[in-house]
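Undergrad: okay, sequence plus prediction incoming.
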Amino acid sequence: MTAFLTGAPGVLRGHPRSGVREPVLFTLLLTALTATVFLGFVSVAPNRLLSGRPVPLWVAAGTGYCGALAAIVGPLVPLCFAPPRQRWAVLTVGLAASWLVATLAALGAAAQALAAGAGPAARVSAGAAFWIMAGCSAFALADGLRRLRAGPVAAAAVALVLGGAIGALAARGTFATLSVVQEYSSRQALFAAALTRHIALVAGAVGLGLVIGLPLGLGASRRPRLQGPLFALLNLLQTVPSIALFGLLIWPLAALARAAPRLAAWGIGGIGPAPAVIALVLYALLPIVRNTVAGLSGVDPAVVDAARGVGLTRAQIFRRVELPLSLPILIAGLRIVIVQTIGLAVVAALIGAGGLGTFVFEGLGQDALDLVLLGALPAIALALAADLGLRAMAALLPQRADR
Amino acid sequence: MPVRRVLADPLMWVGLLFAGLLLGMNEFRPVLRWAFPQTVPVIYDRASFPMLFLAHLALVATASAAAATVGVALAVFVTRPAGAPFRVTVGTLVAIGQTFPPVAVLAIAVPLIGFGARPTIIALFLYGLLPIVENGIAGLEGVPADVREAADGMGLSAVQRLFAVELPLAASVILAGIRISVTIAIGTAAIGSTVGALSLGTPIFDGLVADNLPFVIEGAVLVALFAIVTDMGFARLDRRLRRHAVAG
């Protein structure tokens, strides 16, 4: 089979008359097949702390799910050789999306079947073959969307439909016996509190970052001489690793709380959300200021002159001309900041700020992968959702006539 | 180099400060004792700072060297005709991968691989690939088409063109990717202390666990200086490279 990739160099050189026309899809299918044959689809452990034994897909999921997966993946194989037509790309997208949902459903079914046969303390978790297959189906989907030249809005719509399908599976209890879900069930209230705290840390830091960063960026774009030293300082801050900056803020804030007990009563201290939010704001400033300056400097001076010519005041020019014209770059900056802050807020758990990082570091301490995943997966999902959502939002902005 | 230029060199001063603190942290014992009268001991004593630095450096250097090699090779592959169909998918993969928090990648690697330096190096390598591939592709695609055609016209083979023309012209952009990658690696390696990899982050965690603020400060200052010195070093290298490119 690999002869298509290695034996025929002409095939991959962009002018294939026969052979593999979609090498990406072909590689993904081959990878998923290899992983399914050689690796465990789920892993079964006698209890929470012992490591698991891999169980292959065909043993774990039963013939029904194996047949369904084969029925979905099978038609993708000829699609690797199909001529580049829109309808084949649409079919690829549909099949890849079904593949992803079916993989998840098979995981849930496998967990239920295996948990029924094992002891009450047994843990069934996702194995390497599951992760590889889920990744391959997601990339087959992304590749199909690329061939359709779908923008971020279409991608967000597909993601919403997929999220709905996966949510429906979850609502039916498909995943209930999966170990990460059991980890969640045993601490639902804690999880809700951690997720809320995580979002609050990000919202607070990004909000404060905007309040400080937008005027700084505006000022720097009006006075270019300020830009050198300002960016040198912000770059320096960005270079300092998060854990070091969190650590460095503990002492001054602890001293401040000691000197002014009223502040301590408000929850400001060396440990907790206060140093975390300060550090997150410091990190947020560079992308916000950089994109504000880039956005405002990118506005054509002739447009501003024309606005002045028709009698707009400075404030009106800013509100009605400069701000709308620089909005795409500002939103791109906001996207970078939110994604970055969601990740950095995970580390903030180390200084007692709470959030999803609590589970990550608690899980690392106990060597419990499920607990790590309970913190890490929602953080990754939040970051991906924010990224896709803001990309779609930027694409939905009214297009300028002159573009 | 003239003496005055050496004396006005910020990289040298920050580097000296870093080296001085690594070797002579003990000199601060009286100051720290005065500032933290209840804390004993005030100087981290479970491992020497130079040793922690060397362990940290080894983690970052191993992972980043591997990431740079594989990352540039991957960028070269997808910008050749044979790899062109993979170009967009690799770009998507790299963009999506970078939305993952580095600490999440580290945390997931540990239970799969085990505690210690190995999962840290693997996580640093995987995450470090992303900016290098991204900048590698941008740099190689940024080489003007007429320059490439001129190289072909001179009769250079595809390999000669890559090494003599494309890679040197893309060097500055590739270096910027490696710089981002190394900066992230230094920070993530410091967090690697939570999973048993020795680094300058170790005193920070031991200090947080034992409620020993001096340990936290010592570790944090050294980690910050390590990152800053490295970043300044890369800035210096980049200036050299550009000057060389202009002169050559």
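TA: Looks like it arrived, so ask away. Numbering: from 1, shown residues only, chains lettered A, B, ... in the order given.

Undergrad: how many other residues sit next to B:Asp152?
TA: Close neighbours of B:Asp152, defined as other Cβ atoms under 10 Å in any protein chain shown, add up to 13. Every residue, glycine included, has its C-beta placed from N, CA and C.

Undergrad: are we agreed that it is in a strand?
TA: No. Under the criterion used here (DSSP: H, G, I helix; E, B strand; the rest coil), B:Asp152 is helix, not part of a strand.

Undergrad: ok, and the closest non-adjacent residue to it?
TA: B:Arg161 (6.8 Å; Cβ to Cβ, 6 or more residues apart in numbering or on different chains).

Undergrad: list the contacts of the one you found.
TA: When contacts are counted by Cβ atoms under 8 Å, 6 or more residues apart in numbering or on different chains, B:Arg161 touches B:Arg148, B:Ala151, B:Asp152.

Undergrad: which is the next helix or strand following the worst-scoring helix or strand of chain A on mean pLDDT?
TA: For chain A, counting by mean pLDDT, DSSP states H and E, helix A:3-6 ranks last in confidence among helices and strands (a mean of 41). Where DSSP states H and E defines the elements, the next helix or strand beyond helix A:3-6 is helix A:23-38.

Undergrad: other SSEs contacting the strand or helix carrying A:Leu91?
TA: Per DSSP H and E, A:Leu91 falls inside helix A:86-117. Counting contacts by 3 or more Cβ pairs under 8 Å, 6 or more residues apart in numbering or on different chains; DSSP states H and E, helix A:86-117 packs against strand A:42-45, helix A:57-60, helix A:62-73, helix A:76-79, strand A:123-126, helix A:128-147, helix A:152-171.

Undergrad: next, give phi and psi for A:Val240.
TA: Dihedral angles of A:Val240 (phi, psi; degrees, to the nearest 10) stand at phi -70, psi 120.

Undergrad: re earlier: got the angle for the helix holding A:Leu91 vs helix A:23-38?
TA: Using axes from the mean of the first three to the mean of the last three Cα atoms, to 10 degrees, the direction of helix A:86-117 lies 20 degrees away from that of helix A:23-38.

Undergrad: which parts of helix A:86-117 are buried?
TA: Within helix A:86-117, the residues that count as buried by 16 or more other Cβ atoms under 10 Å in any protein chain shown are A:88-89, A:91-93, A:95-115.

Undergrad: same check, this time on stretch B:224-238
TA: B:Ala224, B:Leu225, B:Phe226, B:Ala227, B:Ile228, B:Val229, B:Thr230, B:Asp231, B:Met232, B:Phe234.

Undergrad: centre of the chain to that stretch, how far?
TA: Its chain's C-alpha centre and that of stretch B:224-238 lie 9 Å apart, by Cα atoms, centre = their mean, to the nearest Å.

Undergrad: does the longest helix along chain B reach chain A?
TA: Taking DSSP state H as the criterion, chain B has its longest helix at helix B:213-247. Yes. Using Cβ under 8 Å from any Cβ of the partner chain, we find that helix B:213-247 touches chain A at B:Leu213, B:Val216, B:Ile217, B:Gly219, B:Ala220, B:Val221, B:Val223, B:Ala224, B:Ala227, B:Ile228, B:Asp231.

Undergrad: touching chain A at all, the helix or strand where B:Leu208 lies?
TA: Assigned by DSSP H and E, B:Leu208 belongs to helix B:202-210. Yes. Judged by Cβ under 8 Å from any Cβ, helix B:202-210 comes into contact with chain A at B:Ile204, B:Phe205, B:Gly207, B:Leu208.

Undergrad: could you point out the helix or strand that follows the worst-scoring helix or strand of chain B on mean pLDDT?
TA: Here the helix or strand of chain B ranked lowest by mean pLDDT, DSSP H and E is helix B:3-7, holding a mean of 76. Counting by DSSP H and E, the next helix or strand C-terminal to helix B:3-7 is helix B:10-24.

Undergrad: which residues sit against that next one?
TA: Applying Cβ under 8 Å, 6+ apart, the contact partners of helix B:10-24 are B:6, B:49-50, B:53, B:221-222, B:225-226, B:228-229, B:232-233, B:236.

Undergrad: burial of B:Ala66, as a residue count?
TA: By other Cβ under 10 Å, neighbour count at B:Ala66 equals 17.

Undergrad: my reading is that it lies in a helix. Confirm?
TA: Yes. B:Ala66: assigned to a helix according to three-state DSSP.

Undergrad: not counting sequence-adjacent ones, nearest residue to it?
TA: Using Cβ to Cβ, 6+ apart and skipping residues adjacent in sequence, the residue nearest B:Ala66 is B:Phe125, 5.1 Å away.

Undergrad: got the buried residues for the strand or helix carrying that neighbour?
TA: Using DSSP H and E, B:Phe125 sits within helix B:117-141. For helix B:117-141, burial by neighbour count (16+ other Cβ under 10 Å) applies to B:117, B:119-140.

Undergrad: ok, now stretch B:83-102?
TA: Neighbour-count burial for stretch B:83-102, counted by 16+ other Cβ under 10 Å, picks out B:83, B:85-87, B:89-94, B:96-102.

Undergrad: for that stretch, list the C-alpha coordinates in CSV.
TA: Presented in CSV, the C-alpha positions along stretch B:83-102 are these (Å, rounded to 0.1, in the frame of the first residue of the first chain):
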residue,chain,number,x,y,z
GLY,B,83,5.6,17.8,0.3
ALA,B,84,3.4,20.5,-1.1
PRO,B,85,0.1,18.6,-0.6
PHE,B,86,0.9,18.5,3.2
ARG,B,87,1.7,22.2,3.4
VAL,B,88,-1.7,23.4,4.5
THR,B,89,-2.4,20.5,6.8
VAL,B,90,1.0,21.0,8.6
GLY,B,91,0.2,24.7,8.8
THR,B,92,-3.2,24.0,10.4
LEU,B,93,-1.7,21.5,12.8
VAL,B,94,0.9,24.0,13.9
ALA,B,95,-1.6,26.8,14.3
ILE,B,96,-4.0,24.5,16.4
GLY,B,97,-1.1,23.0,18.3
GLN,B,98,0.0,26.5,19.5
THR,B,99,-3.4,27.2,21.1
PHE,B,100,-2.7,24.2,23.4
PRO,B,101,-1.2,25.5,26.7
PRO,B,102,2.4,24.2,27.0
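
Undergrad: surely B:Glu134 meets B:Ile178?
TA: No. Using Cβ atoms under 8 Å, B:Glu134 makes no contact with B:Ile178, being 11.3 Å away.

Undergrad: distance from the chain centre to stretch A:172-181, please.
TA: With Cα atoms, centre = their mean, you get 22 Å for stretch A:172-181.

Undergrad: now that stretch: average pLDDT?
TA: In this model, stretch A:172-181 has a mean pLDDT of 89.

Undergrad: the residues of helix B:202-210 next to chain A, buried ones only, as a PyMOL selection?
TA: Burial among the residues of helix B:202-210 next to chain A is assessed by 16+ other Cβ under 10 Å; the matching PyMOL selection reads:
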select buried, chain B and resi 204+205+207+208
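
Undergrad: ok, the spatially most central residue of chain B - contacts?
TA: Central residue of chain B (Cα atoms, centre = their mean): B:Val182, 1.1 Å from the mean position. By Cβ under 8 Å, 6+ apart, B:Val182 lies in contact with B:Val60, B:Ser64, B:Gly128, B:Thr230, B:Phe234.

Undergrad: of all these, which comes closest to A:Leu169?
TA: Among the contacts of B:Val182, B:Gly128 lies closest to A:Leu169 (Cβ to Cβ), at 35.1 Å.

Undergrad: spit out the contact partners of that closest one.
TA: Neighbouring residues of B:Gly128 by Cβ under 8 Å, 6+ apart: B:Ala63, B:Ser64, B:Ala67, B:Ala68, B:Gly71, B:Ser181, B:Val182, B:Ile184, B:Ala185.
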